[in-house]
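Asks: What would the 3D arrangement of this be:
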Amino acid sequence: MGSAREEAGGIGVELDSEGWGATRSWVEKALPGAERVEEVVRLRGGWTSEMRRLDLRGPDGRRSVVLRSFVKPFYVRHAEGLLTREAAVLRLLDDTDVPAAKPVAVDATAQYCDHPSLLMSLLPGTVRLGDRGADARADLLARQLVRIHRLPVPAPQRPRTYQPWASPERVTPPAGTGRPGLWERAVDVIRREAPAYQGCFLHRDFHPGNVLFTGTDGGPDADTDTGTGLRISGVVDWVETSWGPADLDVAHCSTALALLHGVPAGMSFADRYAAAGGTLTQDGTSHLYWRLLDALGFAPDAEKVAVPWRELGRDDLTAGVLTERLEGYLESLFDRYA
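Replies: This next block holds a predicted model:
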């Protein structure tokens, strides 16, 4: 959610209205020279925050930046930690080959803005969630995730240790599920103490909705410099960046792929990651723990991810479809790793 998404029909939204006047003043004070906000366009596909593309005009011409603002009460309460972390991570990534936005300014406590906000550069590309070209994109996702996990981060700059997004007492199976035993079995797995792991730098929310692509789906290999080649142009939404097992990032992307494209897509991502040079635990029981710890966080119906995905065109992802895919994914995980 930290950069360009598909836009909401070219809607111009003035920051002076709807309680955004202080934010506009803060933005323009943060801009160099005599740059001013010329137009504002809402960006779709976010869940935790409101995203806007700000088109600027100045002595050197026009350019665009992205404004991320937390307006939901829950995220406003946690904004200081989330936005401060994201700004720090973006500064850390500035000297790496990971395509991330550059931070411009941050007001994590809304000292000057109407809402806690982060201003950052605009990345090229769009989110691609369609089934067409999904395999090619999954290979690129795996390669990119390997590069993220290999980043050498000095101990003083390491982010916080990962936080689990599911616990046995909080898991809610889908209403009316015909497979209560499957859910009980999955919950029993995460009752154990977390396995030992070799820590690395985690995006922690790496999935197709947080990755931007350029080029044509199904075109030439993205690692070439051909004009039509599919390639990753940006990785966004670094507010949950953590230190933890690579298996957990792989698990999160795998669950998302299973929900988006079907169970086989979710089951094959770990293999793609390993083929790209990534290292996962060789203990199937431990790997199953991480996969289920993530998947159970999507229960009961993955609505949090489905809402922004539907905004980006995936109207087929109904609650029924998501439940069927999530349960099928849990079953496949047991078949392979138990």
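
Asks: ok, which stretches of the protein are strands?
Replies: All strands of the chain, identified by DSSP state E, fall at 7-12, 36-43, 50-58, 61-69, 103-107, 117-121, 199-202, 211-214, 231-235, 242-245.

Asks: if you average pLDDT over each of those, which comes out lowest?
Replies: Lowest mean pLDDT within the strands of the chain: strand 7-12, a mean of 43.

Asks: Name all residues that make contact with the spatially most central residue of the chain.
Replies: The structure's the chain has its C-alpha centroid closest to Asn210; by C-alpha atoms, centre = their mean the separation is 3.6 Å. Taking C-beta atoms under 8 Å, 6 or more residues apart in numbering, we find Asn210 in contact with 1, 203, 235-237. Using the backbone N, CA and C atoms, a C-beta is placed for each residue, glycine as well.

Asks: And Ala265, by the same measure?
Replies: The contact partners of Ala265, taken as C-beta under 8 Å, 6+ apart, are 134-135, 138, 257-258.

Asks: which two in these are spaced the farthest apart?
Replies: Asp135 and Ala258 (13.9 Å; C-beta to C-beta).

Asks: Which residue of those two possesses the greater neighbour count?
Replies: Neighbour totals were compared for Asp135 and Ala258, and Ala258 leads with 27 against 15 (other C-beta atoms under 10 Å).

Asks: Quick check: closest non-adjacent residue to the more buried one.
Replies: The shortest distance from Ala258 to any non-neighbouring residue, by C-beta to C-beta, 6 or more residues apart in numbering, is to Gly266 (2.5 Å).

Asks: what about that neighbour, how many residues close to it?
Replies: Quick note: Gly266 (other C-beta under 10 Å) scores 27 neighbours.

Asks: do the same with Gly176
Replies: Gly176 has 7 nearby residues by other C-beta under 10 Å.

Asks: so how far is Arg42 from it?
Replies: Using C-beta to C-beta, to the nearest Å, Gly176 is found at 36 Å from Arg42.

Asks: picking up where we left off before, ranking the strands of the chain by burial, who's on top?
Replies: Most buried of the strands of the chain, by mean neighbour count (mean count of other C-beta atoms under 10 Å): strand 117-121, with a mean of 23.

Asks: Go ahead and name everything in contact with that one.
Replies: So strand 117-121 is contacted by 2-3, 23, 26-27, 30, 65-70, 83, 86-87, 90, 101-108, 110 (C-beta under 8 Å, 6+ apart).

Asks: Over to stretch 53-62?
Replies: Residues outside stretch 53-62 that contact it (C-beta under 8 Å, 6+ apart): 4, 7, 15, 27, 31-41, 43, 63-67, 122.

Asks: Quick one: end-to-end distance for it.
Replies: 13 Å (C-alpha to C-alpha, to the nearest Å).

Asks: Distance from the chain centre to it, please.
Replies: 28 Å (C-alpha atoms, centre = their mean, to the nearest Å).

Asks: For Glu184, list the residues it contacts.
Replies: By C-beta under 8 Å, 6+ apart, the contact set of Glu184 is empty.

Asks: Could you report the distance from the residue nearest to Ala258 to Asp247?
Replies: With C-beta to C-beta as the criterion, Gly266 and Asp247 are 14 Å apart.

Asks: do the same with Ala256
Replies: Separation of Ala256 from Asp247 (C-beta to C-beta): 15 Å.

Asks: swap in Val89?
Replies: 21 Å.

Asks: How many neighbouring residues does Gly125 have?
Replies: For Gly125, the count of nearby residues is 19 (other C-beta under 10 Å).

Asks: ok, it to Leu140 distance?
Replies: 12 Å.

Asks: Give me the common contacts of those two.
Replies: Common contacts of Gly125 and Leu140 (C-beta under 8 Å, 6+ apart): 213, 232.

Asks: And Val89 and Asp247? Which one has more around it.
Replies: Using other C-beta under 10 Å as the criterion, Val89 and Asp247 rank with Asp247 on top: 28 against 23.

Asks: In this structure that one contacts Ser286, no?
Replies: Yes: using C-beta atoms under 8 Å, Asp247 is in contact with Ser286, at 7.5 Å.

Asks: Need the residues touching each of these two.
Replies: Contact criterion C-beta under 8 Å, 6+ apart; residues bridging Asp247 and Ser286 by contacting each: Tyr197.

Asks: that older thread, which one of the contacts of Ala265 is nearest Asp315?
Replies: Distance to Asp315, by C-beta to C-beta, is smallest for Ala134 among those, at 16.9 Å.

Asks: Most neighbours among the contacts of Asn210, which one is it?
Replies: Counting neighbours by other C-beta under 10 Å, the top entry in the contacts of Asn210 is Val236, with 29 neighbours.

Asks: re the thing from before, can you flag which of the contacts of Asn210 belong to helices?
Replies: Using DSSP state H, no member of the contacts of Asn210 sits in helices.

Asks: Which two of those residues have the greatest separation?
Replies: Met1 and His203 (12.6 Å).

Asks: what's near enough to touch the closest residue to Tyr273 other than its chain neighbours?
Replies: With C-beta to C-beta, 6+ apart as the criterion, Tyr273 has its nearest non-adjacent residue at 4.4 Å, and that residue is Ala142. Residues in contact with Ala142 (C-beta under 8 Å, 6+ apart) are 269, 272-273, 275-276, 278.
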